[in-house]
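Peer 1: Okay, structure incoming, though there's no sequence with it:
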Ligand SMILES: Nc1ncnc2c1ncn2[C@@H]1O[C@H](COP(=O)(O)OP(=O)(O)OP(=O)(O)O)[C@@H](O)[C@H]1O
Ligand SMILES: [Mg+2]
């Protein structure tokens, strides 16, 4: 029983990290029709800069940890906003070229991080509590899992509040549904484009810092590796659906954890099989709009 | 062309397909020998190029700065052979992306299948090279049909993600080393017992080079044939407007699947040559980065152009080799960190070039080549030549680019 | 080609051509929208009426001259066209179904404009009662009211209204017609409409398209009263217009 609880809670924790990557991807795709291959490098940059700042301020202090989350979010946001303004926006409405540019950026940025931080993984340290475990119904859960879950929930809640209660949130929701009608009402959607990139980048940056503690390392490839799972999550959840991304993140991560444990380490396959099943039965994903 | 009610959609598609078929055909021998004349230069250049490439191992040519040594040296031959294998793979990717408009991020799966499959089948079943290769191609065909049928349930960006996921499953599989078949991270070594002696060892790089060249020529021929077949034309029509083709009663799904399978089988074939050439296979050949490198080559060369795909692959392979050498050089070591770090990362430079091409040189090297040619022909005040069939067969293809 | 001069037109289109998916859907359209009242844009199905309106909005690739109050708007992006005072009521309503009715109106509010909620709620009192309802759950007629209300909310120079009565029950057709008449008192309207009774009631001028070209300009009543012309250009003999 305690194994099941351990797997379930750590699964939700992993899902939390997937969600932090996937929410931005899904919003960006929903509004702009762009598959952002550079999303993983926003995460890696957040993780690396977070790690540097934490070391500067004292990695084992809570202040260091909190500031590293903040810096991670900021780094991801700035990098993402610059990407949108400098690269993506110039190729307005040319979706394939936009995807290609993000592919190129992903390659170049990973190589650059290799050059700056080296290809070997770096190991972040945090407050000692993070490395300890807490007993839940007999299962010892690593504390970092709780932090990941709480952070992802907070990010989800803030994005939902933003989308529901601000004018730009309203524009983004309307734009996901029908972008050209939004422009026909006199709204310059490009501002909203930059905004979703910024939000997505910030979430990915936070995800980067948390992932580095969750997996215990940072490497230039970390983001791009997680990105592939985030892609799967967004397709399963329904492209453009935030709630779909949240549900699918948890679903995918749980499936992965349980299959890894009970089905001889076949978690990654189970996920791909789930993807194939979802596509065959509901091509637009669990919560996607019918095309 | 009007699309008004006066003229049915069906008519429009039929005209379109007919026009494309016409464009792809060399001009029918008009009055006199003009047909032959315009066809000849079209054959002279590629045949000459192949003959030249075939003779390279026997010649002592040097291209300092581009090739690592004289053309008969094993190092140079290996590099060129690698470029030819990648060019064949890039051609298969061109079929997917350039012809059918399918943006796949999982094409590496079939390349890797060829490389790993051949090694595993030879070792495991004790088959000789040729029967093993045939078996692997059949496996590739079946797998591409099954996975293609699932992936093609969706189009566009979702298709890209799904193919990526399938390839990723393969990537994870070979790294896990199931049944000690794939060698895990280390990769798989070529079981040399089952390979003819003349294809093994450094001294025989020449033979491998010729095998790679033959494979590339074959790949080019097959891709050309597929592109000019009915499926190829319909696929191009589908890429432009799926709805119209559907109206005509053609099944875009089947056409796309056929192209997908053809491209996958060609990739498997090139993967097998890659196994021989490198005396082994590594997980990297199934990775997303590998597919992305194929995409890079195709875009660099010019989407929709066969010659562009080949040129893009050569530029990519040679450039990444040269940049890696440059990264080790002392000239770079002495630079300040702001310059040293980016310049010592070949992928950073390639990625940046790629971004610049996408943003500022749509049509890639092929378009650049055309512009240069146009400049020359204008200077020579030549009458506008009939361009079909020449190395710039890319002309007519480029005209059809989206 | 008959041509009646339109005094002080608010919107002038000359030699408009437009493409969709690499296909020419508008070939050569000239039209003027009079500074007052309703100008009708007529033609059979598929002649390019919707495409003409979309081209004016900049929603599809276009070439030719488009002038709003003498200012060239033919190369502006869609949001600039709208900001300059072109209101758009699309053929299929295109309300944001996930947004509530009041959000659909709020998103249409343009900065620096008076928002005419009084007029909107006066014309469509239902919208006030259903403010919190998701627009996707409204009936077709109610969605049309939202779509019209979005355009009426701002102080526009001209409205482009595409088949507002499409698929509506007769009572609703009447109600939409009444709303359009009220709207036309404050802003000139270019109206695409298949229901010729509505056209007869509202429009002063008519422009008729065939095959992506404008082929007839003139007073609406005069055109509708010419059975040969309507038969030839619309495929309808006048008198049976209610059946369309
Ligand atoms: N996305 C598209 N792809 C291909 N053809 C299109 C597309 N959109 C419109 N067309 C074609 O353009 C032509 C004009 O269409 P448009 O919608 O402007 O006609 P319309 O006059 O508004 O017709 P209706 O009265 O039925 O609304 C039609 O032949 C239509 O098939
Ligand atoms: Mg219409």
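Peer 2: Here it is on my side, so go on. Owing to the predicted nature of the structure, the values given are computational and were not obtained by experimental measurement. Residues are numbered from 1 along each chain as shown, chains lettered A, B, ... in the order given. Ligands and ions are numbered 1, 2, ... in the order given.
Peer 1: Quick check: phi and psi on residue B:155?
Peer 2: With angles defined as degrees, to the nearest 10, residue B:155 sits at phi -130, psi 180.
Peer 1: Show me what from chain A comes close to ligand 2.
Peer 2: Taking C-beta under 5 Å from the ion as the contact definition, chain A does not meet ligand 2 anywhere. (Each C-beta comes from the backbone N, C-alpha and C, glycine too.)
Peer 1: for chain C, what's the longest helix?
Peer 2: Secondary structure of chain C read by DSSP state H shows that its longest helix is helix C:170-186.
Peer 1: Tell me which residues are up against the very next helix or strand once past that helix.
Peer 2: On the C-terminal side of helix C:170-186, the closest following helix or strand by DSSP states H and E is strand C:189-192. Contacts to strand C:189-192, defined as C-beta atoms under 8 Å, 6 or more residues apart in numbering or on different chains, come from residues C:11, C:31, C:33, C:37-42, C:49-50, C:53, C:91, C:158-164, C:180, C:183, C:199, C:202-203.
Peer 1: Can you point out the buried residues in stretch A:47-66?
Peer 2: Applying a neighbour-count criterion of 16 or more other C-beta atoms under 10 Å in any protein chain shown, one finds A:47, A:48, A:49, A:50, A:51, A:52, A:53, A:54, A:59, A:64, A:65 buried in stretch A:47-66.
Peer 1: and the least confident of the residues you listed?
Peer 2: Across the buried residues of stretch A:47-66, the smallest pLDDT goes to residue A:59, namely 75.
Peer 1: Number of residues surrounding the residue of the stretch 51-200 of chain A found nearest chain C?
Peer 2: Nearest residue of the stretch 51-200 of chain A to chain C: residue A:186, at 3.5 Å (C-beta to the nearest C-beta). Here the number of neighbours of residue A:186 (other C-beta atoms under 10 Å in any protein chain shown) works out to 24.
Peer 1: What segments of the chain are helices?
Peer 2: No chain specified, so I'll use chain A. Secondary structure of chain A by DSSP H: the helices cover A:2-32, A:39-57, A:62-82, A:95-117, A:128-131, A:143-165, A:167-177, A:179-184, A:189-215, A:222-237, A:242-262, A:267-281.
Peer 1: I was after chain C.
Peer 2: Assignment of helices within chain C using DSSP H yields the ranges C:49-57, C:78-83, C:101-106, C:117-123, C:125-129, C:140-152, C:170-186, C:196-202, C:220-224, C:227-234.
Peer 1: Any chance of the ones you listed in TSV with mean neighbour count as columns?
Peer 2: Listed next are the helices of chain C as TSV, based on neighbours: other C-beta atoms under 10 Å in any protein chain shown:
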stretch	mean neighbour count
helix C:49-57	25
helix C:78-83	21
helix C:101-106	21
helix C:117-123	16
helix C:125-129	15
helix C:140-152	23
helix C:170-186	17
helix C:196-202	20
helix C:220-224	20
helix C:227-234	16
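Peer 1: Let's have these in TSV, adding distance to residue B:153.
Peer 2: Supplementary listing: the helices of chain C in TSV, determined by distance: least, C-beta to C-beta, whole Å:
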stretch	distance to residue B:153
helix C:49-57	31
helix C:78-83	33
helix C:101-106	34
helix C:117-123	44
helix C:125-129	41
helix C:140-152	32
helix C:170-186	40
helix C:196-202	44
helix C:220-224	50
helix C:227-234	43
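Peer 1: among those helices, which is nearest residue A:40?
Peer 2: Checking these against residue A:40 by C-beta to C-beta gives helix C:78-83 as the closest, at 32.1 Å.
Peer 1: Outside of that closest one itself, list whatever touches it.
Peer 2: For helix C:78-83, the surrounding residues in contact (C-beta under 8 Å, 6+ apart) are A:180, A:183-189, C:56-59, C:68, C:73, C:88, C:110.
Peer 1: State the number of residues packed around residue B:315.
Peer 2: With neighbours defined by other C-beta under 10 Å, the count for residue B:315 comes to 19.
Peer 1: can you tell me which helix or strand it belongs to?
Peer 2: Residue B:315 is part of helix B:306-328, with elements assigned from DSSP H and E.
Peer 1: With chain A in mind, check whether that helix reaches it.
Peer 2: No: judged by C-beta under 8 Å from any C-beta of the partner chain, helix B:306-328 and chain A are separated, with a smallest distance of 9.3 Å.
Peer 1: In contact with residue B:50, which residues are there?
Peer 2: When the contact criterion is C-beta under 8 Å, 6+ apart, the partners of residue B:50 are B:213, B:217.
Peer 1: Tell me how far it lies from residue A:248.
Peer 2: With distances defined as C-beta to C-beta, to the nearest Å, the gap from residue B:50 to residue A:248 amounts to 51 Å.
Peer 1: And for residue B:148?
Peer 2: Distance of residue B:148 to residue A:248, computed by C-beta to C-beta: 24 Å.
Peer 1: now chain A, which segments are flagged as low pLDDT?
Peer 2: Flagging of chain A using pLDDT under 70 yields the residue ranges A:289-291.
Peer 1: Quick check, the residue in it closest to ligand 1?
Peer 2: Scanning chain A for proximity to ligand 1 using C-beta to the nearest ligand atom identifies residue A:180 as nearest, at 12.3 Å.
Peer 1: Just confirm that residue contacts residue C:60, I think it does.
Peer 2: No: contact between residue A:180 and residue C:60 fails when scored by C-beta atoms under 8 Å: they sit 9.4 Å apart.
Peer 1: Go ahead and confirm residue A:79 touches residue A:40.
Peer 2: No: counting by C-beta under 8 Å, residue A:40 is not a contact partner of residue A:79; they are 11.5 Å apart.
Peer 1: Quick check: nearest residue in space to the residue in chain C sticking out farthest from the centre, chain neighbours excluded?
Peer 2: Within chain C, residue C:132 marks the point farthest from the mean C-alpha position, 27.2 Å out by C-alpha atoms, centre = their mean. Excluding the flanking residues, the one nearest residue C:132 by C-beta to C-beta, 6 or more residues apart in numbering or on different chains is residue C:100, at 5.4 Å.
Peer 1: Bridge partners for the one you found, pull those for me.
Peer 2: In this structure, residue C:100 has the following beta-bridge partners (DSSP bridges): residue C:134.
Peer 1: Could you give the number of residues near it?
Peer 2: The local packing of residue C:100 (other C-beta under 10 Å) involves 18 other residues.
Peer 1: what's the answer for residue B:197, then?
Peer 2: There are 9 residues near residue B:197, going by other C-beta under 10 Å.
Peer 1: Which residue is the nearest non-sequential neighbour of the residue in chain B positioned nearest to chain A?
Peer 2: For chain B, the residue closest to chain A is residue B:351, as judged by C-beta to the nearest C-beta, at 3.0 Å. Take residue B:351 and drop its neighbours on the chain: the residue closest to it by C-beta to C-beta, 6+ apart is residue A:108, 3.0 Å away.
Peer 1: Can you tell me the element residue B:339 falls in?
Peer 2: Secondary structure from DSSP H and E places residue B:339 in helix B:337-343.
Peer 1: Just to check, residue C:32 is in contact with residue C:9?
Peer 2: Yes: when contacts are counted by C-beta under 8 Å, residue C:32 is listed as touching residue C:9 (3.7 Å).
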